[in-house]
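Asker: Here is a sequence together with a model predicted from it:
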Amino acid sequence: MKISPRVFLLWLLLVPVLRADEANVAALKEFIRSTADLDAAYLAAHEKKTPLKDFETALAAGRERLMVAVAKPGVPPDLGRALTAWAAVYEKAGQLLAKDPIGEEQRLWRAADDLAELTQLARTLGGLVGAGARLTPAERQALGAEVEARFGKKVREFPRGDVSPFASGSRSPFASAMWMVNLAFDESVKR
């Protein structure tokens, strides 16, 4: 059986594109998982269930997980840059936690302030995963469902009238940033 050179060349051109989409989805799934793990570590430290050192360790592990996801072949450069920026925020917050000489509770609040930068980066990442991205609507829907499975529903109202990003009641910087990214996965959100 002979394969036409044109068909073969077309196939060679399409293979990297298809692989990039799979790598794109895989990197985003790892991003969601690592963010959910960091949210849990933050809440455990905030509720004083674990020492602050565990949260520092979780930040370092979260950074490494993102860097491994970015290093895989086929991850688009723009997504790689966005996830690397997230990893840099994790690293910076972890270093400040380790070096800050004040009490544990104040260090955690300062870390939360530093991690609030994630909400700004969420806008950039949201633009990469929104309706104009290379993700299909089915992929965006699946990723959005995974975010909701790990964090809960998108919005929860409290008696005082304020709103938490997710039904878990978490007001961590991770949950707030993921709420913004999850809006981009939502197909009904128009840009």
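Answerer: Great, that's in hand.
Asker: Now do the contacts for the residue most central in space within the chain.
Answerer: Residue closest to the average C-alpha location in the chain (Cα atoms, centre = their mean): residue 31, at 4.2 Å. Contacts for residue 31 (Cβ atoms under 8 Å, 6 or more residues apart in numbering) come out as 66, 69, 83, 86. All C-beta atoms are positioned from the backbone trio N, CA, C, and that covers glycine.
Asker: Between all of those residues, which two are separated the most?
Answerer: Using Cβ to Cβ, the pair of the contacts of residue 31 lying farthest apart is 69 and 86, separated by 10.4 Å.
Asker: that older thread, what is the rounded mean pLDDT of the helix or strand encompassing the residue nearest to the centre of the chain?
Answerer: Using DSSP states H and E, residue 31 sits in helix 5-46. What helix 5-46 shows for mean pLDDT is 74.
Asker: ranges for the strands of the protein?
Answerer: Secondary structure of the chain by DSSP state E: the strands cover 156-157, 163-164.
Asker: Tell me the spacing between residue 180 and residue 98.
Answerer: Using Cβ to Cβ, to the nearest Å, residue 180 is found at 28 Å from residue 98.
Asker: the more surrounded of these two?
Answerer: Ranked by neighbour count (other Cβ atoms under 10 Å), residue 180 and residue 98 place residue 180 first, with 17 against 13.
Asker: residues contacting that one?
Answerer: Counting by Cβ under 8 Å, 6+ apart, residue 180 touches 119, 122-123, 126.
Asker: Save these as TSV, and put in pLDDT too.
Answerer: Output for the contacts of residue 180, formatted as TSV (pLDDT from 0 to 100):
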residue	pLDDT
119	86
122	89
123	87
126	86
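Asker: Quick check on those residues: which are buried?
Answerer: Buried by 16 or more other Cβ atoms under 10 Å: 119, 122, 126, out of those.
Asker: which residue packs closest to the last one, ignoring adjacent ones?
Answerer: Spatially, and ignoring its direct neighbours in sequence, residue 126 is nearest to residue 184 (3.5 Å; Cβ to Cβ, 6 or more residues apart in numbering).
Asker: mind listing what that neighbour touches?
Answerer: Contact partners of residue 184, counting by Cβ under 8 Å, 6+ apart, are 125-130, 140.
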